[in-house]
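Enquirer: got a predicted structure here, sequence first:
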Amino acid sequence: MVRTSLLRIVSLAVVVATALAVLSMLIPSPVSVKAQREVVLYTHGWWQPPPRNRFNPFAPDSIVIGGLVYERLAFWISMTNEYKPELATDWETRREENKIVVHLRKNVYWHDGTPFTCKDVWTTFTIYRALNRPVWRYISDIKCVDDYTVEFTIKEWIYLLLHYVLHTDGLIVAPYHIYGKFAERIVAGEDPQVVIKDLIEFEPESIIGTGPFRFVTITPSEVVLEKFEKYWAADKILIDKVVMPYIVSNEVGWEYYRAGKLDFDVFMMPPEVERELREKPFTMIVKIYDLSGFALVFNFGNKWLRIREVRMAIAYAIDRQKVAEAAGAGFFEPVKYPTGLLKLSENWIKDLIDAGILEKYEYNLAKAEELLKSVGFEKRGGKWYTPEGEPFKITMIAPGGWTDWVAAMTVVAEELRAFGIDVELVTPEAPSYWSDEWYLGGHYDIAIDFFGAWMVYPWAAFERMFIEVDRRPRNVVQGAEFPYKLYLPYFDEEVDVRELVEVLVRSFEEKKQREAAMKLAYAANYYLPQYPIAEKMLIIFANKEHFIWPDPNVYYLLWQNAAGRHLEALAYMIKTGSVVPNPEYWGITVTPLPITPTPTPSTVTVTVTERVTVERTVPTTVTQTVLTTIVQTEVNWGISIALLIVGLVIGLAIGFVMKRR
């Protein structure tokens, strides 16, 4: 009798244990880590210690480490145009009151331990006002309702208002206890230029952010960040330290890849290097749309390049297919219509394409010669001479170490030399290239730059092409003679491209947006202020021996976010618990939090009506590329069912034994 009771108890215990095991699969588990040694993630940096780079986020050449150190009010999912709460938990648009009210996250701290409040947002935006940041064209005031509520007074409701407030100008970099004195001087009415001068000269002791990692040190060889224990989502951060070795060359990046010394990065590589790396047991490679490409940029300070026919001749003298293959066969695709728009954006200019009025600039040396001769150039002994009888000479620049761009520009230079133009190709180190020393200072004849600007909606592409790059106006980067007012023969209309770009910023009407996009695309194609060559894929390298990464077939958008902002994408994956240390490598116990699956790409043109929600607030209808959401669960049903079956079998076996006895 005692034995029978004991067997019944054992049987019941087995069934209960099995049920609990199954339930543990169904109920989300908290993250748990039993650390055996420090977990370090490596990804590259490109900064040098002061004075070359600055701790002051408002200073030229500042060290701004987005996502990891500094955070935005919201994280932007570029392919779906959604905003995910970060420093803001939610936001309201009150059209009747001309207000946007942003509710801030509580229990957030700056890395020096100071609590984060509305005053920090107020400080950042007030300084942005003195710096003439775009958001202040459309808002007239900002005030703190309380410590965790910020109220923006709207001067004009525009289509991109939330993008400016939450994302573009929503990068919060100025804690009040450090930068508030400058903001207070601004609102007190002091001359903004005097305040900004003092601000730029100010040098804080360190870099202070609110992100998951705090800045520790910078040397000529690396930047070191450590996990911030008071971070608002610290329970999801399973990485102790981020080390960022100074790397400004693709070739050096490949060597780090080969040695397994980087864990996440985006160095472009030729197919043979990709094939080699795929043979490594630790390699994971994910390819995404970079939502950008490269284009030739003409300096209008060169009086010959100011002539439209000369720019056109240069375009006809270049074989885009050959240049794209040199940059990286399979990774770069020559553009079909040089307009500055991405292929994913061409639905915006479908009428122009269907009408056949866009010039493709297909490789045609005869056409190139005809154009140069038509404006007084002469070819003698295989060399071109200007109308003044001087050899036609051009200085081209590309960022040294960017092997894909250097390879592309090398072919461009070779083709132009073969055509008879005297070309000098200069490749300054990348940090110098992206500064006043070279490209941003206008020290070139032809440069190379991104086009497309990492957004499917046409505004970003044309804002970069016609308005500014890295907050440098185009009439600085491309010379004081850069043309803003242009006559468009097809439309029989003179336009100001700045006003057309503003239509894309302001208008909620799809018809007006489309008309502006078509005129800008036509202007870019007809006048060639830049010459788009090829679009690119982005190659993301991840070390799967060191870390467990989200499956790109399920969580594609987590990877796609890396287009144009790979560090912010990495930070987003880390802070959502999507990246965890590999237990086999680190000797730790990890139970990752479940992740909400993200959409996978599907190029479908549909009509999307914006809803009044925290993600998108002002009703309008637009046609765009969207993604199809895949809904899956994080339950491992195979294991759960197997455990259940095992438990039932054991229970039945015990019952059978009991019955026999």
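Expert: Arrived safely. Numbering: from 1, shown residues only.
Enquirer: longest strand of this protein?
Expert: Secondary structure of the chain per DSSP state E: the longest strand is strand 283-298.
Enquirer: who are the packing partners of the next helix or strand after that one?
Expert: Heading C-terminal from strand 283-298, the first helix or strand you meet, by DSSP states H and E, is helix 308-316. Helices and strands touching helix 308-316, by 3 or more CB pairs under 8 Å, 6 or more residues apart in numbering; DSSP states H and E, are helix 365-374, strand 530-543. Just so you know, the C-beta spots here come from the backbone N, C-alpha and C atoms, and that holds for glycine as well.
Enquirer: kindly recompute the last result at 10 Å.
Expert: Counting contacts by 3 or more CB pairs under 10 Å, 6 or more residues apart in numbering; DSSP states H and E, helix 308-316 packs against strand 283-298, helix 365-374, helix 403-419, helix 510-527, strand 530-543.
Enquirer: do a quick rundown of the helices in the stretch 1-150 of the chain.
Expert: Remark: helices assigned in the stretch 1-150 of the chain by DSSP state H, counting those that start in this stretch are 2-26, 118-130.
Enquirer: where among those helices is the average confidence lowest?
Expert: For the helices of the stretch 1-150 of the chain, mean pLDDT drops lowest on helix 2-26, to a mean of 40.
Enquirer: could you pull out the buried residues of stretch 456-474?
Expert: Across stretch 456-474, burial judged by 16 or more other CB atoms under 10 Å covers 456-467, 469, 474.
Enquirer: same question but for stretch 253-261, I mixed them up
Expert: For stretch 253-261, by 16+ other CB under 10 Å, it's 253-254, 256-257.
Enquirer: which one of these is nearest residue 436?
Expert: Closest approach to residue 436 among the buried residues of stretch 253-261 (CB to CB): residue 253, at 25.7 Å.
Enquirer: by mean pLDDT, flag the weakest helix or strand of the chain.
Expert: Of all helical and strand segments in the chain, the minimum by mean pLDDT, DSSP states H and E falls on strand 621-628, at a mean of 30.
Enquirer: what sits against the nearest residue to residue 497 once chain neighbours are set aside?
Expert: The shortest distance from residue 497 to any non-neighbouring residue, by CB to CB, 6 or more residues apart in numbering, is to residue 466 (4.4 Å). Contacts for residue 466 (CB atoms under 10 Å, 6 or more residues apart in numbering) come out as 340, 474, 482-484, 486, 496-498, 500-501, 520, 523-524, 529-530.
Enquirer: and the gap between residue 466 and residue 307?
Expert: Look at residue 466 and residue 307: by CB to CB, to the nearest Å, they are 19 Å apart.
Enquirer: pop the domain breakdown of the protein in here.
Expert: Following automatic domain parsing, the chain resolves into domains at 2-28+634-660, 289-536.
Enquirer: dihedrals phi and psi, the nearest residue to residue 409 once chain neighbours are set aside?
Expert: The shortest distance from residue 409 to any non-neighbouring residue, by CB to CB, 6+ apart, is to residue 398 (4.1 Å). Backbone torsions for residue 398, taken as degrees, to the nearest 10, come to phi -150, psi 150.
Enquirer: could we number from 8 for the rest of this?
Expert: Done: numbering now begins at 8, and the last item shifts to residue 405.
Enquirer: residue 405: how many residues sit nearby?
Expert: Close neighbours of residue 405, defined as other CB atoms under 10 Å, add up to 28.
Enquirer: would you mind measuring from it to residue 237?
Expert: Per CB to CB, residue 405 is found 44 Å from residue 237.
Enquirer: ok, the nearest residue to residue 487 once chain neighbours are set aside - contacts?
Expert: Nearest residue to residue 487 in three dimensions, chain neighbours excluded: residue 308, at 7.1 Å (CB to CB, 6+ apart). Going by CB under 10 Å, 6+ apart, residue 308 touches 449-452, 485-489.
Enquirer: who wins for most neighbours among these?
Expert: Ranking the contacts of residue 308 using other CB under 10 Å puts residue 485 first, with 26 neighbours.
Enquirer: name the nearest residue to that one, sequence neighbours excluded.
Expert: Nearest one to residue 485, counting by CB to CB, 6+ apart, is residue 307 at 5.3 Å.
Enquirer: what ranges of the stretch 558-668 of the chain fall below the confidence cut-off?
Expert: Scanning the stretch 558-668 of the chain for pLDDT under 70 picks out 598-668.
Enquirer: go with 80
Expert: 596-668 (pLDDT under 80).
Enquirer: please apply the same query to the stretch 358-507 of the chain.
Expert: Along the stretch 358-507 of the chain, the model assigns pLDDT under 80 to no residue.
Enquirer: follow-up on the earlier one: of the contacts of residue 308, closest to residue 548?
Expert: Closest to residue 548, out of all of the contacts of residue 308 and judged by CB to CB, is residue 451, at 30.9 Å.
Enquirer: confirm that the residue nearest to residue 504 sits in a strand.
Expert: No. Counting by DSSP: H, G, I helix; E, B strand; the rest coil, one finds residue 473 to be helix, located in no strand.
Enquirer: distance check, it against residue 460.
Expert: Remark: distance between residue 473 and residue 460 (CB to CB) = 11 Å.
Enquirer: what residues are shared contacts of the two?
Expert: Overlap of the contact sets of residue 473 and residue 460 (by CB under 10 Å, 6+ apart) consists of residue 347.
Enquirer: if we can go back for a sec, tell me the one of the contacts of residue 308 nearest residue 423?
Expert: Using CB to CB, the contacts of residue 308 come closest to residue 423 at residue 452, 10.9 Å.
Enquirer: in this structure that closest one contacts residue 420, no?
Expert: No. Taking contacts as CB atoms under 10 Å, residue 452 lies outside contact range of residue 420: 11.5 Å.
Enquirer: what do those two both touch?
Expert: 401, 403, 430-431.
Enquirer: in ChimeraX, select just the buried ones from the residues you listed.
Expert: The buried residues among the shared contacts of residue 452 and residue 420 can be selected in ChimeraX (16+ other CB under 10 Å) with this line:
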select :401,403,430
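Enquirer: about what we covered before: okay, the helices and strands packed on helix 315-323 in TSV with mean neighbour count next?
Expert: Shown next, in TSV, are the helices and strands packed on helix 315-323 (neighbours: other CB atoms under 10 Å):
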stretch	mean neighbour count
strand 290-305	22
helix 372-381	17
helix 410-426	20
helix 517-534	21
strand 537-550	23
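Enquirer: out of these, flag the one nearest residue 175.
Expert: Comparing those by CB to CB, strand 290-305 comes nearest, at 15.7 Å.
Enquirer: okay, the angle between the closest one and strand 537-550?
Expert: Counting by axes from the mean of the first three to the mean of the last three CA atoms, to 10 degrees, strand 290-305 lies at 160 degrees to strand 537-550.
Enquirer: got the CA coordinates for strand 290-305 in CSV?
Expert: The C-alpha trace of strand 290-305 is given here as CSV (Å, rounded to 0.1, in the frame of the first residue of the first chain):
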residue,chain,number,x,y,z
THR,A,290,31.4,34.4,-39.8
MET,A,291,27.9,35.6,-40.3
ILE,A,292,27.2,37.9,-43.2
VAL,A,293,24.0,39.7,-43.8
LYS,A,294,23.3,41.8,-46.9
ILE,A,295,20.8,44.6,-46.8
TYR,A,296,19.7,47.5,-48.9
ASP,A,297,22.1,50.4,-48.0
LEU,A,298,19.4,52.8,-49.3
SER,A,299,22.2,54.8,-50.8
GLY,A,300,24.7,54.8,-53.6
PHE,A,301,27.6,56.9,-54.8
ALA,A,302,27.6,59.9,-57.1
LEU,A,303,30.1,62.2,-58.7
VAL,A,304,29.9,65.8,-57.3
PHE,A,305,30.9,68.7,-59.4
